[in-house]
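> this one's sequence-less:
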């Protein structure tokens, strides 16, 4: 299982990196938009696909626990590679990109706060915090912390995909 999960994690990372680069080339500000939530759906679909392929290779059945471990291994491998890529993208390839994304995040937050009728003085304080927090996420330490906190997200995502991947063997009478 480890080899298949590692190979699939590498493929998931490459797919994610290619999608990120395409979005970056077309419009970097999109990286801070709600459209990026589509990555979540792509992740679920791809992890499920890879897991079902692995399940078929090992005889067509996989317990939920093994499916969860498989998904978790795959996601950790992909997450590590994507973290390294993000560090390179935001700190080496385009060090100005975090400022663009912070501006977009502030703009998105301001529009939402205005819709909810937040008072101007509270909005200014919240927007400054949004800018600072967003810029901090793109530092090397911010990326590493993001990966570590992401492990919780990966565990939850692995529960979802594990439930999709699992298939019990029929009980013999």
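Perfect, I can see it now. Remember, predicted model here, so these are calculated numbers, not experimental data.
> Would you verify that residue 77 is located in a helix?
Yes - secondary structure of residue 77 (DSSP: H, G, I helix; E, B strand; the rest coil): part of a helix.
> Do I have it right that it meets residue 6?
Yes - counting by CB atoms under 8 Å, residue 77 touches residue 6, with 5.4 Å between them. Heads up, the C-betas are built off the backbone N, CA and C, glycines and all.
> more crowded one of the two?
With neighbours defined as other CB atoms under 10 Å, residue 77 and residue 6 compare such that residue 77 has more, 20 against 15.
> Setting aside sequence-adjacent positions, which residue approaches the more buried one most closely?
Leaving aside its sequence neighbours, residue 77 sits nearest to residue 9 (CB to CB, 6 or more residues apart in numbering; 2.8 Å).
> residues near the one you found, how many?
Using other CB under 10 Å: residue 9 sits among 23 other residues.
> now do residue 149
Considering only other CB under 10 Å, residue 149 is surrounded by 10 other residues.
> what about it, distance to residue 35?
22 Å (CB to CB, to the nearest Å).
> Kindly report the same for residue 20.
Taking CB to CB, one finds residue 20 at 12 Å from residue 35.
> Equivalent analysis for residue 97, please.
Taking CB to CB, one finds residue 97 at 17 Å from residue 35.
> What of residue 171?
On the measure of CB to CB, residue 171 and residue 35 end up 45 Å apart.
> ok, residue 32 - contacts?
By CB atoms under 8 Å, 6 or more residues apart in numbering, the contact list for residue 32 reads 100, 101, 102, 104, 105, 108, 134.
> Which members of those are the farthest-apart pair?
100 and 108 (12.7 Å; CB to CB).
> Am I right that residue 102 falls within a helix?
Yes - the assignment for residue 102 (three-state DSSP) places it in a helix.
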